[in-house]
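1. Provide a 3D model corresponding to the input given below.
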Amino acid sequence: MPAALKSLGKNPKRRHFEGTENRRLVEDRFSWERISPELGILLTTELLKKRGAAKKVTISTENKQFVHFSTVGHKCGIGEYTRTIMNNMNLIGFSSTSFTCETPTSEPVLTGLEDQSVVAWFNDNVRYQDSRLRDNIDYLVSKSNADYVIVQHHEAFLPSNELRRLISLFVELGARIIVVMHAYSREHAKFVLEMQAFGVPVLTHKKRDVIEANSDGVRLLHLPFALPMRGAIAQREAPRDRLSPVIVSNGFLRAHKGLDRLIEAFGRVREQIPNARLRLLCSLYPSDDSEATRDDLMSRISLLGIGAYVDVDFSYLDKETLLSELAKGDLAVFPYSESGEGGSAAVADALSVGLPVIVSRSSIFDDIRDVAVTCSTDAHELADGILAILKSDDIYQAAARKTLAYAERHSWESVIDTMTGLLTSIENADGAPPRDMFHETVGS
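-> Sure, this is the predicted structure:
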């Protein structure tokens, strides 16, 4: 033993190797993520949030620059989410710039962000074959002077080779980078491992993704989905008018949203609550299925003879207007089929104004099972679920209280603190991202 210790003391490479191997064994066998994945996610998120809250003033006074790579200015949930991140960062004194895109059919609408946006890539959202960075991306990255970069990534955005190039450019600039991956699957494991080697953490909004990736030896971090709260939410005790409650649904109009089943269910609800109303605040999406869905819904409403009780708005509403209109409802319903989406901004909007929520069994809602009421998408069962909430004060109040508690835990301040805590954890003495960022963040 003494001889082995003496040999180890003279061999720094061996010491580094053995230390790294010991750390790996401890993480694999005894980390919170292994013992209790849910607890590991909670502890990691709380640690990062605490760090971020402590760093906010420093970031603001030192005028650190944030760059957001996303689809800001387009009719895209991820782009809208990024816009809201930027707006909330502006409120606390952070400096933000979006690296947004143009598409074959549209230029970005950047009202209010004209001086904070750069068109840095082309998003082929028609054929999904030619998405690419702009030819002058090297110049745009250099000119950005980015200290922190938040990349919102979906497999329908940039191909992997272009995304790697973008991240490499920001790494060379000395920026600290995180990638928020929407719709993670095991096919993305190789990419996540490559990012780890770069010192770039990858996050997801779904706890299930973190747990499944961890079981495959891939480190993902969880980022709670923020709610666009505006001021305090009043506690709801019951529908505003028991005789004419308002059921709402919102989000982009797509075939998988299940609004046809909601309309069928609403017809059954009216058999017991004749003056109930349904409001669909679902803006058209630039796709053929969106227009076909609109035509089908209008046909169903006419066929059921419920046009006088259904209000539809297929126009695009700004966030403040949407939240104001949602707040006039009593119950929100989202009977989605399974899809490849990473998170639902539409449900977040409904939760943010304190509405009790019914969701389907689609995996997109897995992270809010303890908040929302889960129902089958069968029209009969969906109607039964709606009636159970609207006709019982106890059930309604319990659902509303869960919403309120969830909204308070997932405020924008909380989520921005988490991202800031993660980004600032990447820093080290020489100003470059460490090779193994995960140990710096979770293991400290």
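
2. only C-alpha atoms for contact and neighbour calcs from this point on.
-> Noted.

3. was I right about Asp147 contacting Lys64?
-> Yes. Using C-alpha atoms under 8 Å, Asp147 makes contact with Lys64 at a distance of 5.9 Å.

4. who's more crowded, the two?
-> It is Asp147, of Asp147 and Lys64, that has more neighbours when counted by other C-alpha atoms under 10 Å, with 20 against 16.

5. what about the residue nearest to the more buried one when sequence neighbours are not counted, neighbour count?
-> Spatially, and ignoring its direct neighbours in sequence, Asp147 is nearest to Ala175 (4.6 Å; C-alpha to C-alpha, 6 or more residues apart in numbering). Ala175 has 25 neighbours, counted by other C-alpha under 10 Å.

6. and what of Ser70?
-> Here the count is done by other C-alpha under 10 Å, and Ser70 has 26 residues near it.

7. quick check: it vs Tyr285, distance?
-> 18 Å (C-alpha to C-alpha, to the nearest Å).

8. Leu243 now?
-> Here the criterion is C-alpha to C-alpha. By it, Leu243 lies 34 Å from Tyr285.

9. per-residue confidence at the residue nearest to Asp147?
-> Listed pLDDT for Ala175 reads 94.

10. could you do Thr441 as well?
-> On pLDDT, Thr441 comes in at 36.

11. could you number the chain from 38 rather than 1 from now on?
-> Fine by me, first position is 38 from now on; the one you just mentioned is Thr478.

12. out of Leu280 and Tyr322, which sits in the more crowded spot?
-> Tyr322 (18 against 14).

13. quick one: contacts for Val186?
-> Applying C-alpha atoms under 8 Å, 6 or more residues apart in numbering, we find Val186 in contact with 103-106, 207, 212-215.

14. what mean pLDDT does the one helix or strand it maps to have?
-> Using DSSP states H and E, Val186 sits in strand 185-191. Strand 185-191 comes out with an average pLDDT of 95.

15. and the helix or strand that that strand is followed by, how far from the chain's centre?
-> Under the assignment DSSP H and E, the closest C-terminal helix or strand after strand 185-191 is helix 197-210. Computed by C-alpha atoms, centre = their mean, to the nearest Å, the chain-centroid distance of helix 197-210 equals 22 Å.

16. same question, stretch 101-114
-> Taking C-alpha atoms, centre = their mean, one finds the center of stretch 101-114 at 13 Å from the center of the full chain.

17. stretch 240-247 now?
-> The chain centre lies 10 Å from the centre of stretch 240-247; the measure is C-alpha atoms, centre = their mean.

18. equivalent analysis for stretch 88-96, please.
-> 22 Å.

19. just the buried residues of it, please?
-> Buried residues in stretch 88-96, defined by neighbour count with 16 or more other C-alpha atoms under 10 Å: 88-90, 93, 96.

20. among those residues, name the ones in helices.
-> If you go by DSSP state H, these have 88-90, 93, 96 in helices.

21. and the helices in the stretch 288-437 of the chain, which stretches?
-> Secondary structure of the stretch 288-437 of the chain (DSSP state H, counting those that start in this stretch): helices located at 296-309, 325-341, 356-363, 382-389, 416-427, 430-446.

22. just put those in CSV and tack on distance to Gly254 and mean neighbour count.
-> Below are the helices of the stretch 288-437 of the chain laid out as CSV (distance: least, C-alpha to C-alpha, whole Å; neighbours: other C-alpha atoms under 10 Å):
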stretch, distance to Gly254, mean neighbour count
helix 296-309, 39, 20
helix 325-341, 38, 15
helix 356-363, 39, 16
helix 382-389, 29, 23
helix 416-427, 39, 19
helix 430-446, 29, 19
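
23. for these, which one sits closest to Val188?
-> helix 382-389 (17.5 Å; C-alpha to C-alpha).

24. average pLDDT across that closest one?
-> For helix 382-389, mean pLDDT rounds to 88.

25. can you give the contact residues for it?
-> 114, 118, 262-266, 270, 287-288, 360, 363-364, 369, 371, 394, 440-441, 443-444.

26. what does stretch 452-461 give?
-> Contacts of stretch 452-461 (C-alpha under 8 Å, 6+ apart): 82-90, 92-93, 122, 126, 185, 213-215, 260-263, 478.

27. just the mean pLDDT for that stretch, thanks.
-> In this model, stretch 452-461 has an average pLDDT of 89.

28. then stretch 280-296?
-> In this model, stretch 280-296 has an average pLDDT of 94.

29. tell me which residues in that stretch are buried?
-> Judged by neighbour count using 16+ other C-alpha under 10 Å, the buried positions of stretch 280-296 are 281-292, 294-296.
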